[in-house]
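*Asks:* this one's sequence-less:
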């Protein structure tokens, strides 16, 4: 009887050691996990104008009473689902770790001033936030993000360029 009790004690000790090792490895690997954060720390309600620029093409949409409309000279109606997706994936989007902080590589990641899609979020004439978005050539489900005052190029959690464009026809 004492011998069978001794066998179970060995298995319990081995199981306890295995659980402690598993916990140790799990905690140790947490520091390598990229931290996810918001692209903008701006409330969606504060934004009443958006300017989107790529190369020499620029588009501004503004919030009228209850709907979004093009700023002059563009005309036409803006589809609500385009604006909803813009706020969901761009304004409330998420980013993870950075891929480089070397300004010489901005062209490689399509986030330079000439290659990147520049998005300005405004409250009246005051700019609340600005980002450059570049298309990833490696991963179709993510894009690259750069802030004008930060040398780092971040990775977006979702595809952003599918939900924004400098062309008016995209928004109609």
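*Replies:* It's in. Nothing here was measured: the structure is a model prediction, and the numbers come from that model.
*Asks:* Show me where the chain dips below the pLDDT cut-off.
*Replies:* 1-5, 32-33, 73-74 (pLDDT under 70).
*Asks:* in the longest strand anywhere in the chain, what's buried?
*Replies:* Criterion DSSP state E: the longest strand present in the chain is strand 126-135. For strand 126-135, a neighbour-count test (16 or more other Cβ atoms under 10 Å) marks 128-135 as buried. Just so you know, the C-beta spots here come from the backbone N, C-alpha and C atoms, and that holds for glycine as well.
*Asks:* Not counting its own residues, what contacts the following helix or strand past that strand?
*Replies:* Note on strand 126-135: by DSSP states H and E, the next helix or strand toward the C-terminus is strand 143-146. Residues outside strand 143-146 that contact it (Cβ atoms under 8 Å, 6 or more residues apart in numbering) are 39, 95, 99, 106, 109-111, 116, 131-136, 152-156, 159-161.
*Asks:* Just the buried ones among those residues, please.
*Replies:* So, by 16+ other Cβ under 10 Å, the buried ones in these are 39, 95, 99, 106, 109-111, 116, 131-136, 153-156, 159-161.
*Asks:* Cross those residues against strands and list the overlap.
*Replies:* Taking DSSP E as the definition of strands, the buried ones among the contacts of strand 143-146 contribute 95, 99, 131-135, 153-156.
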